[in-house]
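Peer 1: My questions concern the predicted model and sequence given below.
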Amino acid sequence: MSRIGIYGGSFNPPHTGHLLAAEELIRALKLDQLLIIPAADPPHKTIAAGSPGPEARLAMCRAAFSGIPKVEVSDLEIARAGKSYTVDTLTELKARTPHDELFLIMGTDMLLTFRLWREPEKIASLAALVVMRRSENAELWDQTGREASALQRDLHARIVTVKNACVPVSSTTVRRLIAFGAPDYLPGDVEALIRENGWYLTGAKLQGLPIERLREISLELHDEKRRAHVIGTAETARALAERWGADPDVAYRAGILHDITKALGGREQLHLCDQYDMMLTPFQRENPKLLHAKTGAVVAREIFGESEELAQALWWHTTGRARMTLLDKILYIADYMEPNRRFAGVEKLRALVWTDLDAAIYHGLDLSVSLLREQGRIIDPDSLEGWEYYRNRTERSEPL
């Protein structure tokens, strides 16, 4: 009797986190074989728009896992028509080798939703459920433990936990880095396949896109929860440009791109900075979560071919600065006061911006500086300089 692990997923694309997990699972579970099974049409999620098809993901998996002993990449789900239901996969595997012991591998999030899967009781009868503990979040792990106990009681499930080292990255993040021209976490053979076939926007012409196409691609690269904010900022920027005499289309493009890299974590922000040889201040390196304005500016210029004026507006849109250009001001305020924003002082900002743009800039900077001081947080030097500059000018009521 052999011990067989089943590691499924969309693998869109497979990355170094998947490889590390595979190696650790083989060791921890003493597996004789680990099957990597890319899903053709996963029932629990939607494959991201513009992703390569099932056969392409299968080819990437074969390239990624080829050097790991005891691993086999299977086309079982891709060869089978329809949704890739786990219960069908396990039933087929069990029929092929009825005496082998099957281990179905999943993350904590999948165990917590296991009851919603098709025929969970049958799945539990066919394979042990292996839960990978990837986080030190004690509350999440306690919740997982309670659900595991309930599944053991209700479905007679066998639960195995594996506390594995992990690369804290998702395939979504990897896809974003590829699109931004700074691929990371990719096995070399997988990266070569991607470039050879132009997958994940590597073969797309992204410079000089019409507004609607720019909007479509940009929103796909944002977190879904931020898309309403991005649209609100772009539409507000367009309206402000019409009021104050800037180019409405340029302002809209700046708005739709302003948070283009915000979904990346601190490590990935620094990777982008290094990829593009960006000079950072000590403050910026110590606060990488604030870097999305800087990396977004570079991506807008280098990947999307936007103007230096637009890139600079993105660069300053979180901190502000002294002597902002008209487009700088429009994007800074649009981001601050777009219709989805809710905070004390935003209504005053929305009233000021149509009659006195510079007074609105000062009010926005003052709100930010005051809040950071109350919280005892370090303030970006550019914000402080801008706050002092616009405070002095506003108090003297001089034209800026």
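Peer 2: Arrived safely, thanks for sending. The model shown is predicted, which means the values in this text are computed figures rather than measured ones.
Peer 1: tell me the pLDDT at the residue lying closest to Leu31 once chain neighbours are set aside?
Peer 2: Closest residue to Leu31 in three dimensions, ignoring its sequence neighbours and counting by Cβ to Cβ, 6 or more residues apart in numbering: Gly5, at 4.7 Å. Quick note: C-beta positions are derived from backbone N, CA and C, even for glycine. pLDDT, Gly5: 98.
Peer 1: Equivalent analysis for Leu400, please.
Peer 2: In the predicted model, Leu400 carries a pLDDT score of 43.
Peer 1: before we move on, the earlier item: direction included, what does the helix or strand hosting the residue nearest to Leu31 pair against?
Peer 2: Using DSSP states H and E, the secondary-structure element containing Gly5 is strand 3-9. With DSSP bridges as the criterion, the sheet partners recorded for strand 3-9 are strand 33-38 (parallel), strand 101-107 (parallel).
Peer 1: Next secondary structure element downstream of it?
Peer 2: Helices and strands here follow DSSP H and E; after strand 3-9, the next one along the chain is helix 16-29.
Peer 1: Which residues does the one helix or strand Thr233 maps to contact?
Peer 2: Element membership for Thr233 (DSSP H and E) is helix 227-244. Counting contacts by Cβ atoms under 8 Å, 6 or more residues apart in numbering, the residues outside helix 227-244 that touch it are 215, 218-219, 222, 246-256, 258-259, 326-327, 330-331, 333-335, 337-341, 353-354, 357.
Peer 1: just the buried members of the residues you listed?
Peer 2: With neighbours counted by 16 or more other Cβ atoms under 10 Å, the contacts of helix 227-244 contain buried members at 215, 218-219, 222, 246-247, 250-256, 258-259, 326-327, 330-331, 333-335, 337-338, 353, 357.
Peer 1: now, of the strands paired with strand 3-9, which is deepest in the fold?
Peer 2: With neighbours defined as mean count of other Cβ atoms under 10 Å, those peak in mean count at strand 33-38, which reaches a mean of 22.
Peer 1: Mind listing residues that contact it?
Peer 2: 2-11, 22, 25-26, 54, 57-58, 61, 65, 70-78, 89, 93.
Peer 1: Could you tell me the angle between it and helix 16-29?
Peer 2: Strand 33-38 and helix 16-29 are oriented at 150 degrees to each other (axes from the mean of the first three to the mean of the last three Cα atoms, to 10 degrees).
Peer 1: right, and the strands paired with strand 3-9 - which one's nearest Ile194?
Peer 2: strand 33-38 (15.2 Å; Cβ to Cβ).
Peer 1: I'd like the average pLDDT over the closest one.
Peer 2: The predicted model assigns strand 33-38 a mean pLDDT of 98.
Peer 1: so where's this structure shaky on pLDDT?
Peer 2: Low-confidence segments of the chain (pLDDT under 70): 134-136, 396-400.
Peer 1: Repeat the analysis, applying 90 as the threshold.
Peer 2: Judged against pLDDT under 90, the low-scoring parts of the chain cover residues 1, 43-50, 81-82, 107-109, 132-145, 162-169, 279-290, 345, 378, 393-400.
Peer 1: Outline the domain layout of it.
Peer 2: Residue ranges for the structural domains of the chain, counted by automatic domain parsing, are given in the record as 3-169, 205-396.
Peer 1: How far off centre is the longest one?
Peer 2: When you say that, I think you mean domain 205-396. 19 Å (Cα atoms, centre = their mean, to the nearest Å).
Peer 1: sorry, back to before: among the contacts of helix 227-244, which lie within helices?
Peer 2: The helices, defined by DSSP state H, take in 215, 218-219, 248-256, 326-327, 330-331, 333-335, 337, 357 from the contacts of helix 227-244.
Peer 1: all strands for the stretch 151-300 of the chain, in order.
Peer 2: 159-163 (DSSP state E, counting those that start in this stretch).
Peer 1: Could I get the phi/psi values of Pro210?
Peer 2: Backbone torsions of Pro210, given as degrees, to the nearest 10, read phi -60, psi 160.
Peer 1: now do Trp117
Peer 2: phi -70, psi 160.
Peer 1: I'd assumed Thr86 was in contact with it.
Peer 2: Yes: the pair Trp117 and Thr86 qualifies as a contact (Cβ atoms under 8 Å) at a distance of 6.4 Å.
Peer 1: between those two, what contacts are shared?
Peer 2: Common contacts of Trp117 and Thr86 (Cβ under 8 Å, 6+ apart): Ile123.
Peer 1: So the two - more neighbours on which side?
Peer 2: Here Trp117 and Thr86 are set side by side on neighbour count (other Cβ atoms under 10 Å), and the busier one is Thr86, at 27 against 18.
Peer 1: which SSE is the residue lying closest to that one once chain neighbours are set aside in?
Peer 2: Spatial nearest neighbour of Thr86, chain neighbours left out: Ile123 (5.9 Å); criterion: Cβ to Cβ, 6+ apart. In the assignment (DSSP H and E), Ile123 maps to helix 120-126.
Peer 1: what helices or strands is that helix leaning on?
Peer 2: Applying 3 or more Cβ pairs under 8 Å, 6 or more residues apart in numbering; DSSP states H and E, we find helix 120-126 packed against helix 86-96, helix 138-155.
Peer 1: residues touching the residue lying closest to Leu310 once chain neighbours are set aside, list them.
Peer 2: The shortest distance from Leu310 to any non-neighbouring residue, by Cβ to Cβ, 6+ apart, is to Ala254 (5.0 Å). Applying Cβ under 8 Å, 6+ apart, we find Ala254 in contact with Ala234, Ala237, Ala300, Glu306, Leu310, Ala313, Leu314, Leu327, Ile330, Leu331.
Peer 1: rerun at 10 Å
Peer 2: The contact partners of Ala254, taken as Cβ atoms under 10 Å, 6 or more residues apart in numbering, are 233-234, 237-238, 241, 246-247, 296-297, 300, 306-307, 309-314, 317, 327-328, 330-331, 334-335.
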